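>>> predicted coordinates and the sequence they were generated for:
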Amino acid sequence: MSTEIQSWLLSIEPFEGESLSHFLGRFRRQNHLSPSALGDLAGVGAVIARWERFHFNPFPSDAELAAVAEVVGVTLDRLRQMLAPEGVKMKCEPIRLCAACYQEEPYHRLEWQYQSTGGCDRHQLRLLSKCRNCQAKFPIPALWEDGCCDRCRLHFGEMTKWQKSY
Ligand SMILES: [Zn+2]
Ligand SMILES: [Zn+2]
């Protein structure tokens with residue numbers, strides 16, 4: 001079964017530190033799959049949409065992760081790296097952004113959603129938790145296709161001007 005699945009699915013390379021939500025969104029768009037269609041292919045039911053919102057309660061089982069890893073074409077270990085390590089608390093809201101990081105490499109970093117993360121160590125900047133241009137919340141990373149605010153269309157990479165030093 002898995003060989004048949006993988007023969008028509010296009011796999012993508014995960015980025016360093018990319019969140020599962022962002023990765024799954026890219027994979028689904030590449031293959032024109034809805035969250036439920038991906039869940040059906042992997043045989044895991046309706047969990048994909050929840051994972052894309054960082055809702056990990058109940059936490060994904062090894063069997064679920066292995067099934068999804070096989071469909072998306074990465075190893076189980078690599079897929080696990082897109083989830084917070086055990087004991088690290090995640091915030092599912094608000095979705096946060098270091099615009100300076102995004103400008104360098106346009107993807108959502110998992111560690112931006114850690115409760116313990118107050119800012120970006122790389123840029124010494126605080127994270128943004130909404131668009132300061134129009135006050136809209138950021139969409140879930142699975143939907144970051146255009147890399148801009150849903151409402152005012154300002155590009156995420158242009159939002160560094162609102163990041164305070166950290
Ligand atoms: Zn940064
Ligand atoms: Zn906006």
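Now that the structure is in, tell me what you want to look at. Numbers count the residues shown, from 1 in each chain. Ligands and ions are numbered 1, 2, ... in the order given.

>>> now the strands for the chain?
Under the criterion DSSP state E, the chain contains strands at 119-120, 125-126.

>>> what about residue 156, neighbour count?
22 (other Cβ atoms under 10 Å). All C-beta spots, glycine's among them, are computed from the backbone N, C-alpha and C.

>>> quick one: buried residues of stretch 129-148?
Within stretch 129-148, the residues that count as buried by 16 or more other Cβ atoms under 10 Å are 130, 131, 138, 140, 141, 142, 144, 148.

>>> the strands of the chain into CSV, with extra columns for mean neighbour count?
Formatted as CSV, the strands of the chain follow (neighbours: other Cβ atoms under 10 Å):
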stretch, mean neighbour count
strand 119-120, 19
strand 125-126, 18
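
>>> which one, of those, ends up nearest to ligand 1?
Distance to ligand 1, taken as Cβ to the ion, is lowest for strand 119-120 among those, at 3.2 Å.

>>> which helices and strands does that closest one pack with?
strand 125-126 (3 or more Cβ pairs under 8 Å, 6 or more residues apart in numbering; DSSP states H and E).

>>> tally of neighbours for residue 166?
For residue 166, using other Cβ under 10 Å, the count is 13.

>>> again, but for residue 71
Neighbours around residue 71, by other Cβ under 10 Å: 22.

>>> any idea how far residue 159 is from the nearest residue to residue 149 once chain neighbours are set aside?
Nearest residue to residue 149 in three dimensions, chain neighbours excluded: residue 131, at 4.1 Å (Cβ to Cβ, 6 or more residues apart in numbering). Here the distance between residue 131 and residue 159 works out to 7 Å (Cβ to Cβ, to the nearest Å).

>>> find the nearest non-adjacent residue to residue 142, please.
Counting by Cβ to Cβ, 6+ apart, residue 142 lies nearest to residue 25, which is 3.1 Å off, once chain neighbours are set aside.

>>> and that neighbour, what is it in contact with?
Counting by Cβ atoms under 8 Å, 6 or more residues apart in numbering, residue 25 touches 52, 140, 141, 142, 143, 144, 145.

>>> which residues does stretch 140-153 contact?
Stretch 140-153 is contacted by residues 19, 21-22, 24-25, 28-29, 35, 52-54, 95, 102, 106-108, 131, 133-134, 136, 138-139, 154-157 when judged by Cβ under 8 Å, 6+ apart.

>>> would stretch 104-114 count as contacting ligand 1?
No: taking Cβ under 5 Å from the ion as the criterion, stretch 104-114 and ligand 1 are apart, separated by no less than 7.7 Å.
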